[in-house]
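[1] Here's my sequence, what's the structure:
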Amino acid sequence: MTTDLLDHGLLFAAGLAASTLNVVAGGGSFLTLPLLIFLGFPPTTANATNRVGILVQNIGAVWSFGRHGLLERRWIVAAALPATAGAIGGTFVAVWIGDEPFKRILAFLMVAVTLWTLWDPLRTGSEESRARPAGPVPVAIGFALAGVYGGFVQAGVGFLLLAVTTLAGYDLVRGNALKVFCVLLFTPLSLAIFAWHGQVAWIAGLSLAAGSILGGLLGVRLTVLKGHRWVKGVVTVAVIAMAVKLWLS
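    Predicted coordinates for the structure are as follows:
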């Protein structure tokens, strides 16, 4: 367990940066997961502990998006139910798998998600995509698959959820609001399953959470103030930065 003051400071700073990026776009866990592993936590414990910061981040973000009137009730049930069901299944897979297989899968997923977002770095935000929203069945399947991924590893799920919300006809600002709401609903369930199996390092998680709640509020403010085009730019920059980091690591 992490006890060094510097380690807690690093976790706080990583939580702040990652949560801001998560709310504005996604991929913040690509910062926090490697840091937790670098600090000595087994990969499966790092994966579970990361959810403490994610939970707190999304509590603040959903509250803030709600204050700005950006959560539309017509999609809440249609999005949240399949995403939550998928996340429960993905979490049990993450609990069952061992550290070495998880580490190999994490490396593959980081590359795969980065390449996918680079291949289509928010063409999903175009006016044409929003003008022809998909039907409820494809959208529900999309939310369920994103939920499976989020329950399993979390890192990068924001990009997947943003793609699904755009498929449903949302712009990136309202899509971000629905994205953080979905993550808020399924994260407590995933965290409870991980905790039940003794995989959460709570002290380290609370250090992440302290920075995460500030980052979540900051991310909403940037999203609301800067708007769709700015969010699209941040997503693209974040994707390129992660690709470079993966290439150099």
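[2] Can you name the element that comes right after the worst-scoring helix or strand of the chain on mean pLDDT?
    Least confident helix or strand of the chain, by mean pLDDT, DSSP states H and E, is helix 127-131 with a mean of 51. Scanning forward in sequence from helix 127-131 by DSSP states H and E, the next helix or strand is helix 136-152.
[3] what's the next secondary structure element after that following helix?
    Per DSSP H and E, helix 136-152 leads on to helix 157-167 as the next helix or strand towards the C-terminus.
[4] So which elements touch that following helix?
    Judged by 3 or more C-beta pairs under 8 Å, 6 or more residues apart in numbering; DSSP states H and E, helix 157-167 is in contact with helix 73-96, helix 99-119, helix 127-131, helix 136-152, helix 172-196, helix 202-248. C-beta: built from backbone N, CA, C; applies to glycine.
[5] Mind listing what's buried along the helix or strand hosting residue 44?
    Assigned by DSSP H and E, residue 44 belongs to helix 43-67. Residues of helix 43-67 classed as buried: 43-62, 64-65 (neighbour count, 16 or more other C-beta atoms under 10 Å).
[6] Now for residue 146: which residues touch it?
    Residues in contact with residue 146, defined by C-beta atoms under 8 Å, 6 or more residues apart in numbering, are 83, 86, 157, 160-161, 164, 182.
[7] I figured residue 205 hits residue 46, correct?
    No. Under the criterion of C-beta atoms under 8 Å, residue 205 makes no contact with residue 46, lying 10.2 Å away.
[8] so how far is the helix holding residue 44 off the chain centroid?
    When C-alpha coordinates are averaged (C-alpha atoms, centre = their mean, to the nearest Å), helix 43-67 and its chain have centres 8 Å apart.
[9] Taking helix 73-96 as reference, get the angle to that helix.
    Calculated by axes from the mean of the first three to the mean of the last three C-alpha atoms, to 10 degrees, helix 43-67 forms an angle of 170 degrees with helix 73-96.
[10] can you tell me how far residue 45 sits from residue 204?
    Residue 45 sits 9 Å away from residue 204, going by C-beta to C-beta, to the nearest Å.
[11] One more: residue 40?
    Using C-beta to C-beta, we find residue 40 at a distance of 10 Å from residue 204.
[12] again with residue 53
    The gap separating residue 53 from residue 204 is 9 Å, by C-beta to C-beta.
[13] And for residue 7?
    8 Å.
[14] any common contacting residues for these two?
    Common neighbours of residue 7 and residue 204, counting by C-beta under 8 Å, 6+ apart, are residue 39.
[15] Looking at these two, which is more packed in?
    residue 204 (26 against 19; other C-beta atoms under 10 Å).
[16] right, and that one touches residue 49 too?
    Yes. The criterion here is C-beta under 8 Å, and residue 204 meets it with residue 49 at 5.5 Å.
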